[in-house]
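Undergrad: pasting the sequence and the predicted coordinates here, then a few questions.
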Amino acid sequence: MIEFHEGLKDVADLGLRLVQHESEFLELFKRVHAIQPKTYVQIGSFQGACEIVLSRACAPGATIISVDNGTEGRKGEPRIPAIAKAHEFLQLKGFNMCFVEGDSSKDINIRTVNILLGRMKPDFVYIDGGHKFQQTMDDWNHYPADKLVAIHDINKKCGKNVDTPRAWRLIMDLDERETEEIILHVENGGVGLIYG
Ligand SMILES: C[S@@+](CC[C@H](N)C(=O)[O-])C[C@H]1O[C@@H](n2cnc3c(N)ncnc32)[C@H](O)[C@@H]1O
């Protein structure tokens, strides 16, 4: 898909880093492209790179809302200035960009996202914020989508501090909707999808 590779080039040109396995992210891109979301919520933005690539799978002028608490990572890479750079880039391309700085499980931030969405469910949500069990479950419960929810790091081989695989198994057990797993690497990563 040309748009996908153009998106990766944009990320590189802006000097940003994407924390996804490229082959798995391409498969996610195809699923998102099939629904052409008009509204997309990214939980866990890091440097805004997901938004840059996935914007190319969205409808023109889509509303893209990112939530990130902006805490400094182990490698000391900047989050907020990088997200601002990514959002400015996408704003100039005609997208309606909104950034909510804070903890995605805090009531005030959930309400802010709701207001930004005009109290409608977004078409697409990508959950890749806090990777503890409760944080993943909270994001899953607080940010429902109309067409597609994706959850990153569902691979059982994710590190010992990552509980997303356990949360994902529970979600699959509890939710009766169609699910899909994209796991193309032996180590970490993996994307869980819930449709409709
Ligand atoms: C794995 S990184 C996201 C990677 C990004 N999606 C990408 O592919 O480039 C996780 C991000 O979630 C943010 N985060 C962690 N816990 C959070 C929370 N409770 N609320 C909001 N953001 C959180 C971190 O600051 C970090 O930027």
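TA: That came in fine, so what should we check first?

Undergrad: now the residue nearest in space to the middle of the chain: how far from Leu148?
TA: The residue lying closest to the centre of the chain (Cα atoms, centre = their mean) is Tyr126, at 3.0 Å. Counting by Cβ to Cβ, to the nearest Å, the separation of Tyr126 from Leu148 is 9 Å. In short, each C-beta sits where N, CA and C put it, glycine included.

Undergrad: thinking again about what came up before, what is the host helix or strand of the residue nearest to the centre of the chain packed up against?
TA: Assigned by DSSP states H and E, Tyr126 falls within strand 124-127. Helices and strands touching strand 124-127, as assessed by 3 or more Cβ pairs under 8 Å, 6 or more residues apart in numbering; DSSP states H and E, comprise helix 22-35, strand 39-43, helix 133-142, strand 148-152.

Undergrad: turn the ones you listed into JSON lines, columns for mean neighbour count, distance to Asp10 and mean pLDDT.
TA: Formatted as JSON lines, these follow (neighbours: other Cβ atoms under 10 Å; distance: least, Cβ to Cβ, whole Å; pLDDT from 0 to 100):
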{"stretch": "helix 22-35", "mean neighbour count": "17", "distance to Asp10": "13", "mean pLDDT": "98"}
{"stretch": "strand 39-43", "mean neighbour count": "26", "distance to Asp10": "16", "mean pLDDT": "98"}
{"stretch": "helix 133-142", "mean neighbour count": "19", "distance to Asp10": "26", "mean pLDDT": "97"}
{"stretch": "strand 148-152", "mean neighbour count": "25", "distance to Asp10": "20", "mean pLDDT": "98"}
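
Undergrad: export the ones you listed as JSON lines, with columns for distance to Lys93.
TA: Output for the helices and strands packed on strand 124-127, formatted as JSON lines (distance: least, Cβ to Cβ, whole Å):
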{"stretch": "helix 22-35", "distance to Lys93": "16"}
{"stretch": "strand 39-43", "distance to Lys93": "14"}
{"stretch": "helix 133-142", "distance to Lys93": "27"}
{"stretch": "strand 148-152", "distance to Lys93": "22"}
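
Undergrad: out of these, which gets nearest to the ligand?
TA: Closest approach to the ligand among these is made by helix 133-142 (5.3 Å; Cβ to the nearest ligand atom).

Undergrad: mind giving me the packing neighbours of that closest one?
TA: Using 3+ Cβ pairs under 8 Å, 6+ apart: helix 133-142 touches strand 124-127, strand 148-152, helix 164-174.

Undergrad: without its sequence neighbours, what residue ends up closest to Phe89?
TA: Leu14 (6.2 Å; Cβ to Cβ, 6 or more residues apart in numbering).
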